[in-house]
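**Student:** sequence and predicted structure below; questions after.
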Amino acid sequence: MRDKRTTIADAIALVPDGARVALGGNTLHRGPGAAVHELVRQGKRGLEVVKTAGAYDIDLLCGTGVAASASVGFVGFETVFGMAPSYRRAVETGAVEAKEHACYTVIAGLRAAIQGVPFMPIAGMTGSDVPAARGFHRLADPYTGAEVVVIPALVPDVAIVHVHESDAQGNARVLGTRFEDVLMVQAARRVILTAERIVDGASFEASPESVAIAGFMVDAVVEAPGGAWPTSCAGLYDYDAAYLAEYVAASRDETSFRRFVEERVLATEPVLVSV
Amino acid sequence: MTATVGPREIMAVALARLLRDGETVFHGVASPLPMVATLLAQRLHAPNLIYLNITGSVDPRPTQLPVSTVDPRLLAGTRALVTLTDLFDLAARGRLDTAFLSGVQIDGAGRINMSVIGDFARPKVRLPGGAGSAALMPSARRTILWRTKHDPRTFVERLDFVTATGNVSHVVTPLCVFARRDGHLAVESIHPGVDRASLRAATGFPIAVTDETPVTPPPTAQELALLTAIDPERVSDSEFAKATGGG
């Protein structure tokens, strides 16, 4: 298999404006922070971001005008820092469309994409305003006649996932919770991995079952130590509470948010953020 | 030792008492009180309760409780790891007994809004979103709601948007425990020291509160001691400072 190692700049150049981009991780944990900063740095526009539950990544991309819509189940910094200020402001001003999902509907859409079928039936959703607000149809089960909500296939143009270890071909290991990362990799047209470290793939041969992501589905691999920052990376580092507190405080106001992005996001070196 | 009893203690203990031995219990993101309550129930009356959460760990024994409830600290002690997909699937096939969910608005039928205040397309306030609630609430065998704010803006006559509805059995707040009977929330017990008129005034839909309404039994010394042992750093206090709603 070919060597897919590249720079963060060249990897993120694969993301066209207007692309549907799935982001790995969950809330404050193992989000692809370095890649998200590079999306901002390259001034991408019109992205649809996809995630079950996001925080810094979704908030920053919505606040900087990189994202035009967000297909997510939850956006917030949990009870650590509360609501996501820039996401809120962007949706309330109409700059970003909130494509409301239940987390399971994101998963159902990804599963339809993985299986190459146009939609996926899903349990639950009864009595919720979400299907009508989002245009999720109900169908009669052709066998019993019972009604079921069906979620359209959600095919990411690009999935971006941060992993603990990858080889040059994109075979990758994730320690701890995998979140929806493997589904995103399988569902997406192109896959970018950032990795804490690049290792010799021969080291995976003794226990290939511990490899979460098969390299033949991966397009680009970037060595990015600290690449989940400011979110956590299980076993390696915690989320950066001091940075995130500053970010959330600055984000309450458009002017201070812009200054924060100039000084702390755009002015910093790509990846290799000290953790 | 004298332990202070405030809304955190009352709510954590009330939530724990609702859990049953042997059942499967799940909480999602932004859920410190359900996390603490589930660990507490396992140490009290429910040693065989199966504690599931969004990290995918099963019966974790965290040595340090996280504020974020999808933190890797919740993997400590787990002997298996499932995925969030597995957990939604478990609920979908009717095998999840209890889900903990919350709402920024909750109506008298126990329906929740975690989506918007105002119009959906151009909201006055964009809320975090319901996480898994629209799928989980109708498919989990029962849902326990909790909310650390009890005021007329939270407990409303009419929701701005119905994010989810389903099998709600109870709602635990800083003022009372509601039980859902015949499709409506009724006050099951009022917390010690809470004035009946204040509870009525804090609730935006009509409720029956009389002198006969039972008072929530105060936490016992054993419950409080275990709560302190489980959550010595009081991570569940964060729910009172940053009440985003979780699930």
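**Tutor:** Perfect, thanks for sending it.
**Student:** poorly predicted segments of the chain, please.
**Tutor:** I'll assume chain A. Scanning chain A for pLDDT under 70 picks out A:269-275.
**Student:** that's the other chain; I wanted chain B
**Tutor:** Chain B contains residues with pLDDT under 70 at B:1-3, B:243-244.
**Student:** just want the most central residue of it.
**Tutor:** B:W146 (3.2 Å; C-alpha atoms, centre = their mean).
**Student:** got a list of what that one touches?
**Tutor:** B:M11, B:L15, B:L33, B:P34, B:F100, B:S102, B:V171, B:V172, B:T173 (C-beta atoms under 8 Å, 6 or more residues apart in numbering or on different chains). Glycine gets a C-beta too; all of them are placed from N, C-alpha and C.
**Student:** can you count the residues close to A:A153?
**Tutor:** Counted by other C-beta atoms under 10 Å in any protein chain shown, the residues lying close to A:A153 total 18.
**Student:** does the closest residue to it other than its chain neighbours sit in a helix, a strand or a coil?
**Tutor:** Distances taken as C-beta to C-beta, 6 or more residues apart in numbering or on different chains place A:A112 nearest to A:A153, at 3.7 Å, with adjacent residues excluded. Under DSSP: H, G, I helix; E, B strand; the rest coil, A:A112 falls in the helix class.
**Student:** A:A112 reaches A:I151, doesn't it?
**Tutor:** Yes: using C-beta atoms under 8 Å, A:A112 is in contact with A:I151, at 6.7 Å.
**Student:** overlap of the contact sets of the two?
**Tutor:** Contacts common to A:A112 and A:I151, judged by C-beta under 8 Å, 6+ apart, are A:F119, A:M120.
**Student:** of these two, which one has the most company?
**Tutor:** Using other C-beta under 10 Å, the more surrounded residue of A:A112 and A:I151 is A:I151, with 25 against 22.
**Student:** residue contacts, that one?
**Tutor:** Applying C-beta under 8 Å, 6+ apart to A:I151 gives the contacts A:T105, A:A108, A:G109, A:A112, A:F119, A:M120, A:I122, A:F136.
**Student:** all helices for the stretch 51-200 of chain A, in order.
**Tutor:** Along the stretch 51-200 of chain A, counting by DSSP state H, counting those that start in this stretch, helices occupy A:56-63, A:78-81, A:85-92, A:103-115, A:130-134, A:181-187.
**Student:** reformat those helices as JSON lines; add distance to A:G201.
**Tutor:** Formatted as JSON lines, the helices of the stretch 51-200 of chain A follow (distance: least, C-beta to C-beta, whole Å):
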{"stretch": "helix A:56-63", "distance to A:G201": "28"}
{"stretch": "helix A:78-81", "distance to A:G201": "36"}
{"stretch": "helix A:85-92", "distance to A:G201": "38"}
{"stretch": "helix A:103-115", "distance to A:G201": "24"}
{"stretch": "helix A:130-134", "distance to A:G201": "41"}
{"stretch": "helix A:181-187", "distance to A:G201": "17"}
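**Student:** tell me the domain ranges of chain A?
**Tutor:** Annotated domains of chain A cover A:8-118+A:153-266, A:119-152 [automatic domain parsing].
**Student:** what about residue 145, neighbour count?
**Tutor:** Assuming you mean chain A. A:G145: 7 surrounding residues under other C-beta under 10 Å.
**Student:** that's the wrong chain, I meant chain B
**Tutor:** Around B:L145 there are 27 other residues, counting by other C-beta under 10 Å.
**Student:** backbone dihedrals for it, please?
**Tutor:** phi -90, psi 150 (degrees, to the nearest 10).
**Student:** and the residue lying closest to it once chain neighbours are set aside, bridged to which residues?
**Tutor:** Of all residues beyond its chain neighbours, the one nearest B:L145 is B:V171 (4.3 Å), with distances taken as C-beta to C-beta, 6+ apart. According to DSSP bridges, the partner residues bridging B:V171 are B:L145, B:F178.
**Student:** what sits against B:V171?
**Tutor:** B:V171 touches B:I106, B:G110, B:I144, B:L145, B:W146, B:R147, B:V177, B:F178, B:R180, B:L185, counting by C-beta under 8 Å, 6+ apart.
**Student:** before we move on, what about A:E196?
**Tutor:** A:E196 neighbours (C-beta under 8 Å, 6+ apart): A:H162, A:V163, A:H164, A:E165, A:A224, A:P225, A:G226, A:G227, A:A228, A:C233, A:L236.
**Student:** taking those together, which two end up most distant?
**Tutor:** Using C-beta to C-beta, those span at most 14.3 Å, a distance reached by A:E165 and A:G226.
**Student:** gap between the residue nearest to B:L145 and chain A?
**Tutor:** 17 Å (C-beta to the nearest C-beta, to the nearest Å).
**Student:** returning to that earlier point: now for the helices of the stretch 51-200 of chain A, which one comes closest to B:L159?
**Tutor:** Here helix A:130-134 is closest among these (C-beta to C-beta), at 12.7 Å.
**Student:** in chain A, which spans are strands?
**Tutor:** A:20-23, A:47-54, A:67-77, A:82-83, A:97-100, A:119-122, A:137-140, A:147-152, A:158-166, A:172-173, A:190-198, A:220-223 (DSSP state E).
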